[in-house]
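In: Sequence first, then the predicted structure:
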Amino acid sequence: MKLENKYLVLLILVCIAVFFVNLDAIYINIMEARNFITAREMLQDNNWIFTTMNAEPRYEKPPLPTWLTAISMSIFGMEGLFGLRLPSAIMGLVLVVFIYKFLLKISKNIQLSFLAGLIAATSFYIVYSSRDGQWDIHTHSFMMLAIFFLYKLYNTTKNWYLLATISGLFIACSILSKGPVSIYALFLPFLIAYGVIYKFKGTKERWKSLVLLTATALIFGGWWNLYVYMFDTHAVSEITSQETGRWLNYNVRPFYYYWSFVIQSGLWTIPAFVALLYPYLKDKVSNKKAYKFTLLWTLASVFLLSVIPEKKSRYLLPVLIPMAMNTAFYIEYLFYNWRSIKNKEATVVYVHFGIFALVGCIFPIAAYFYFESFMQNILYWYILSSIFLFSIGFLMFRYLLLKKIKPVFYLSIFFLISVVWFGLPMADKININPAYNSASTIDSHLKKYNAKVYEFNTFAPEIIWDYGKPITVLTQEGEVKIPEGNKFLVLTEARLSDSLQQVFKLYKTTKIDSVDMNPVGTKHKRRLYRELYLIEKQNIDSLPSQ
């Protein structure tokens with residue numbers, strides 16, 4: 001086996017260890033619930049083109065990741081979170097593999113590329129996105145594939161039309177995952193950096209291929225939007241208006257909000273910051289041109305994202321892709337020059353790795369006192385976590401004292417793997433909400449009263465997902481539509497109970513149950529709590545006189 005492929009196999013094994021193990025350990029969140037509801041309704045109602053959520057049009061997100069999730073759902077079932085999150089984990093694996101393969105093409109340096117892959121596979125938000133049923137990882141992974149084949153197009157003398165078609169199709173897949181998001185946040189910064197550093201040499205000869213690439217991307221990426229607009233124009237227009245307003249007025253943050261972007265790399269925060277210091281590192285890296293390219297790509301992505309008024313931490317995911325490559329240059333420099341580095345320079349490295357070594361060493365004691373009341377439930381995982389994290393922390397200290405930086409770096413990878421393998425299962429067994437009451441209990445009341453259930457004001461995706469079926473919302477555009485029938489059930493937030501009483505003042509209203517979907521007892525989100533009322537028509541003669 002070639003050395004290149006040996007490193008690739010190791011990288012894939014690390015991705016499997018980080019992205020796939022205990023994939024169902026963390027409870028479902030609001031973004032996942034929305035996506036999983038849409039996938040479920042694809043299967044149940046055959047809504048593969050005109051996507052819905054709670055039986056209402058949902059055209060905010062293109063359908064490709066939902067298709068993949070629905071297929072996984074049909075194979076693994078709708079109950080287990082592993083099957084629902086599996087497509088994201090696979091796309092995370094694809095992203096890391098092609099970060100490795102792309103940097104290898106750019107630098108011709110196997111070890112550097114391997115380090116970039118490891119850093120990407122253990123960067124916080126890449127890990128989070130690959131273990132979460134959201135669509136960001138899909139759009140950026142497909143775009144990384146497109147970038148890889150575009151680079152090949154510019155650096156080969158044959159198969160231009162084939163490479164252009166493949167790159168265009170992957171851009172189309174990115175568009176079908178989350179619209180133009182990755183084009184703006186990942187692809188455009190790449191074009192800027194590549195144009196400045198590598199000059200797009202050979203564009204004149206390849207112009208026909210580039211036209212084919214663009215046409216392929218637009219046609220295959222835009223057909224769904226055009227189709228749903230043609231056949232459901234009103235819904236698309238309303239949703240587009242809402243989404244445009246959110247980009248301009250929702251979660252508006254100052255321009256400098258993303259300037260702490262290195263924090264999103266988690267484990268590599270300090271090395272990622274040092275790697276951005278061009279005056280310090282420019283003459284120390286193994287490939288100055290490639291380093292300048294990854295640095296400019298990273299900074300261009302941050303700048304373009306900073307221009308957009310709406311800002312969220314998760315939007316920084318595309319920045320972590322070139323930043324992983326950029327950070328690898330600094331780690332490689334440490335590998336070859338650690339023993340000769342001056343004390344002042346070395347202090348930063350000692351602080352960075354020393355923090356994780358210290359955390360590992362004190363974990364058994366700190367965790368015992370913090371989780372003492374839950375120890376009976378988590379004893380097995382506590383013991384395993386303590387053994388592995390303490391051992392890793394001890395070895396990290398030992399190798400730091402011996403001035404051996406390579407083992408310290410690789411131990412950091414095992415540190416994160418240990419957290420995923422032995423730490424995450426504890427999350428499912430602590431801070432349980434004793435008042436938790438599933439939405440599935442509503443069915444028993446439906447049978448008892450032979451009545452339908454409605455949502456009074458607005459629905460919580462987690463509740464709809466747990467319930468398993470759509471629940472009609474009575475309040476639409478500020479008006480409440482009274483259901484037909486002599487009795488029915490209504491879910492409402494506790495804060496809206498007075499409003500419900502006022503709307504149904506001519507009815508008999510009786511609170512019969514509550515739904516509490518808060519998974520953690522110490523955190524109460526009011527949108528995950530509902531009171532269930534039985535609403536019954538009263539005989540006019542029995543109403544009190546006004």
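Out: Nice, I can see it.
In: Looking at the record's assignment, how would you partition this structure?
Out: As assigned by automatic domain parsing, the chain contains the domains 3-338, 341-427, 439-542.
In: distance between the ends of the longest one?
Out: Yep, that's domain 3-338 we're talking about. This stretch, domain 3-338, spans 25 Å end to end (C-alpha to C-alpha, to the nearest Å).
In: now swap in stretch 476-496 and tell me
Out: 15 Å.
In: So which of the domains of the chain is nearest Asn433?
Out: Taking C-beta to C-beta, domain 439-542 is the member of those nearest to Asn433, at 4.2 Å. Placement of C-beta: from N, CA and C, glycine included.
In: Can you show me the strands along the stretch 351-500 of the chain?
Out: 453-455, 475-476, 479-480, 487-492 (DSSP state E, counting those that start in this stretch).
In: Show me the shaky parts of the stretch 151-300 of the chain.
Out: Within the stretch 151-300 of the chain, the stretches with pLDDT under 70 are 243-250.
In: all helices for it, in order.
Out: Remark: helices assigned in the stretch 151-300 of the chain by DSSP state H, counting those that start in this stretch are 160-178, 181-182, 188-198, 207-231, 233-249, 269-275, 278-281, 288-307.
In: related to what we said a few turns ago, I'd like the strands of the stretch 351-500 of the chain written out as a markdown table, with mean neighbour count added.
Out: A markdown table is the format used below for those (neighbours: other C-beta atoms under 10 Å):
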| stretch | mean neighbour count |
| --- | --- |
| strand 453-455 | 21 |
| strand 475-476 | 14 |
| strand 479-480 | 12 |
| strand 487-492 | 22 |
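In: Name the SS class of the residue nearest to the spatial centre of the chain, please.
Out: Residue closest to the average C-alpha location in the chain (C-alpha atoms, centre = their mean): Ser129, at 2.7 Å. Per DSSP: H, G, I helix; E, B strand; the rest coil, the local secondary structure of Ser129 is helix.
In: How much space separates it from Pro318?
Out: 11 Å (C-beta to C-beta, to the nearest Å).
In: ok, now Leu276?
Out: 16 Å.
In: List the buried residues in stretch 418-427.
Out: Neighbour counts over stretch 418-427 (16 or more other C-beta atoms under 10 Å) mark Ser418, Val419, Val420, Trp421, Phe422, Gly423, Leu424, Pro425, Met426, Ala427 as buried.
In: ah, wrong one, I meant stretch 296-313
Out: Neighbour counts over stretch 296-313 (16+ other C-beta under 10 Å) mark Leu296, Trp297, Thr298, Leu299, Ala300, Ser301, Val302, Leu304, Leu305, Ser306, Ile308, Lys311 as buried.
In: Does the first one touch Ala193 like I think?
Out: Spelled out, it's Leu296. Yes - counting by C-beta atoms under 8 Å, Ala193 is a contact partner of Leu296 at 4.1 Å.
In: Now do the same contact list for the residue nearest to Lys284 when sequence neighbours are not counted.
Out: Sequence neighbours aside, Tyr333 is the residue nearest to Lys284 in space, at 4.9 Å (criterion: C-beta to C-beta, 6 or more residues apart in numbering). Counting by C-beta atoms under 8 Å, 6 or more residues apart in numbering, Tyr333 touches Leu281, Lys284, Val285, Ser286.
In: The residues you listed, buried ones only, as a PyMOL selection?
Out: Buried residues within the contacts of Tyr333, by 16+ other C-beta under 10 Å, are selected in PyMOL with:
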select buried, resi 281+284+285
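In: From the contacts of Tyr333, pick the one nearest Leu104.
Out: Of the contacts of Tyr333, the one sitting nearest to Leu104 (C-beta to C-beta) turns out to be Ser286, at 13.1 Å.
In: Surely that closest one and Asn109 touch.
Out: Yes - with contact defined as C-beta under 8 Å, Ser286 reaches Asn109; the gap is 6.2 Å.
In: Overlap in contacts, those two.
Out: What both Ser286 and Asn109 touch, as defined by C-beta under 8 Å, 6+ apart, is the set Glu332.
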